[in-house]
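**Q** give me the fold of what follows.
(one chain, ligands or ions: 2)
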Amino acid sequence: MKSIRTQVGIIGAGPAGLLLSHILHLQGIESIVLEKSSRNTVEAIIKAGVLEQGTVDLMNQIGAGDRMMKEGLAHEGIIMRFDGRDERIHFPELTGGKSVMIYAQHDVNKDLIKARLASGGDIRFEARDVSIYDLDSSTPKIRFRGKGDEPSKEADEVTEITCDFIAGCDGFHGVSRQAIPQEVIRIYERVYPFGWLGILSDTPPVNHELIYTNHERGFALCTMRSTTRSRYYLQVPADEDVSDWSDDRFWTELKRRIPPDAAATLQTGPSLEKSVAPLRSFVAEPLRHGRLFLAGDSAHIVPPTGAKGLNLAVADVRFLTEALAAFYKSGSSDQLDGYSDRCLARVWKAQRFSWWMTNLTHRFPEALPFERRAQAAELAYLAGSQAAQTALAENYVGLPLV
Ligand code: FAS
Ligand code: PHB
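**A** Ligands and ions are numbered 1, 2, ... in the order given. Have a look, this model is predicted:
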């Protein structure tokens, strides 16, 4: 078995792991990133699309924001469609000038990988059988099989990394959360009775801003990746099989749920990607066990309705890099000890907003007539109340980091 050493072992090269590795580097802290997928897969995966102002600012601060600023689309509002009417939520007016940026997550991944490798970063793609040991010691370890730091003779050679700390940035299906003992971890979860059927197409977006629609046939979202590439979502039953949805069936259903003027001008085309994503609200507490720190989807999942998932991962990483930098600079572990509570304060506010936005815009199959009427009343209240619109806007653009 090959043995190597680093200060922070990072599992996962999604936005959380890549951002963590780069910011640690800028603080003079070394890390090794282990990623089970290939670089091409990480750079192609279709996921999030909305960056909060804080995420945009951070990408620029760390020198990884040039392409985002050239190709990203600044958005100053969204349209809420319900009961035959459109209500625009105007972000700058309601939040003292804030907005959001439309920029695909796979592009964020690409930009972070480029920045990290250009600065001598050590990212091990296609790392297999990643496992974690000795979390309660001051030298926790990660073992993996794979290409290692040079094409090894034995593709199945096991490498062991001895670290000071391990960051679990390996998403909902990763191994790091599983390393927290059952008697320690607390899980909070709400699984929704529907999913999102998403389609990506090289067609101009139907509208220059996002349209969230609450329709009697179900929720729909019109969003985009650029001025020539569109992304649309339809609420479907949780167990929906994407193979039951031809492109034509998707476009026909979308036209039935979006505003008539949008339906009339919608440009359809062949799907580049089509998939069903389940919707759940999920939090694992605490985000730390011994020398293991969870960040991003490994610790929490939000329904994408509030566009919070990627941005929450960024906030966790900000807090973790501050805590690690304090430890290496002064030896103090106070911020490491406070990491989980600091993240959870923000995580739960984003959970609440995402749960609220999902309840406001989706049709629940088991909803009582009273609940449907209450939902219609809440949408009507939103339309008529600056206070209600301000509450939506300040959560959507991202709450201040505390
Ligand atoms: P990620 O899941 O992005 O990254 C984890 C990484 O760890 C992956 O590259 C994975 O391959 C790797 N990994 C997993 N297990 C490993 C192991 N054992 N060893 C090594 N590596 C391992 N959020 C939004 O805001 N808007 C959206 O529209 C949206 N759509 C989504 C659609 C889908 C299908 C999914 C799954 C998520 C979506 N999300 C969306 C949420 C998503 O954007 C996450 O919030 C974001 O990816 C969080 O980033 P990470 O925490 O880095 O996790
Ligand atoms: C997306 O562009 O994929 C997107 C945008 C806003 C959301 C969810 C997904 O709330």
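
**Q** tell me which parts of the stretch 101-250 of the chain are close to ligand 1?
**A** 105, 127, 130, 169, 170, 171, 173, 174, 175 (CB under 6 Å from any ligand atom). C-beta here means a position set from N, CA and C on the backbone, and glycine is covered the same way.

**Q** in strands, which of the residues you listed appear?
**A** Judged by DSSP state E, strands contain the following of those: residue 130.

**Q** read off the pLDDT value for residue 157.
**A** Note on residue 157: pLDDT of 86.

**Q** quick check, it in contact with residue 3.
**A** No - in this structure, residue 157 is not within contact of residue 3 by CB atoms under 8 Å, at 11.6 Å.

**Q** which one of these two is surrounded by more residues?
**A** Higher neighbour count among residue 157 and residue 3: residue 157, with 14 against 11, using other CB atoms under 10 Å.

**Q** measure the more buried one to residue 275 for me?
**A** Distance of residue 157 to residue 275, given as CB to CB, to the nearest Å: 35 Å.

**Q** residue 84 too?
**A** As for residue 84, its distance to residue 275 is 30 Å (criterion: CB to CB).

**Q** comparing these two, which shows the higher neighbour count?
**A** Neighbours per residue, other CB under 10 Å: of residue 84 and residue 275, the larger number sits with residue 275, 14 against 8.

**Q** give the bridge partners for the more buried one, please.
**A** Going by DSSP bridges, residue 275 is paired in beta bridges with residue 198.

**Q** then stretch 265-272 to PDB, C-alphas only?
**A** Output of stretch 265-272 as PDB, limited to C-alpha atoms (Å, rounded to 0.1, in the frame of the first residue of the first chain):
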ATOM      1  CA  THR A 265     -43.800  31.700 -28.700                       C
ATOM      2  CA  LEU A 266     -42.100  28.700 -27.100                       C
ATOM      3  CA  GLN A 267     -39.400  27.300 -29.400                       C
ATOM      4  CA  THR A 268     -39.100  23.600 -29.100                       C
ATOM      5  CA  GLY A 269     -36.300  21.300 -30.200                       C
ATOM      6  CA  PRO A 270     -34.600  18.000 -29.500                       C
ATOM      7  CA  SER A 271     -33.700  17.300 -25.900                       C
ATOM      8  CA  LEU A 272     -29.900  17.300 -25.100                       C
END
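
**Q** ok, and does it reach over to ligand 2?
**A** No - on the criterion CB under 6 Å from any ligand atom, stretch 265-272 is out of touch with ligand 2, staying 13.4 Å away.

**Q** need the residues that contact that stretch.
**A** Contacts to stretch 265-272, defined as CB atoms under 8 Å, 6 or more residues apart in numbering, come from residues 199-204, 206, 229-230, 247, 250-251, 254-255, 258.

**Q** mean confidence score for stretch 96-103?
**A** The average pLDDT within stretch 96-103 is 97.

**Q** alpha carbons only: can I get stretch 172-179 in CSV?
**A** Output in CSV follows, covering the C-alpha atoms of stretch 172-179 (Å, rounded to 0.1, in the frame of the first residue of the first chain):
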residue,chain,number,x,y,z
PHE,A,172,-26.0,12.9,-0.9
HIS,A,173,-24.9,9.4,-2.0
GLY,A,174,-21.3,9.7,-0.8
VAL,A,175,-19.5,7.7,1.9
SER,A,176,-18.6,10.5,4.4
ARG,A,177,-21.9,11.0,6.1
GLN,A,178,-22.1,7.2,6.5
ALA,A,179,-18.9,7.4,8.6
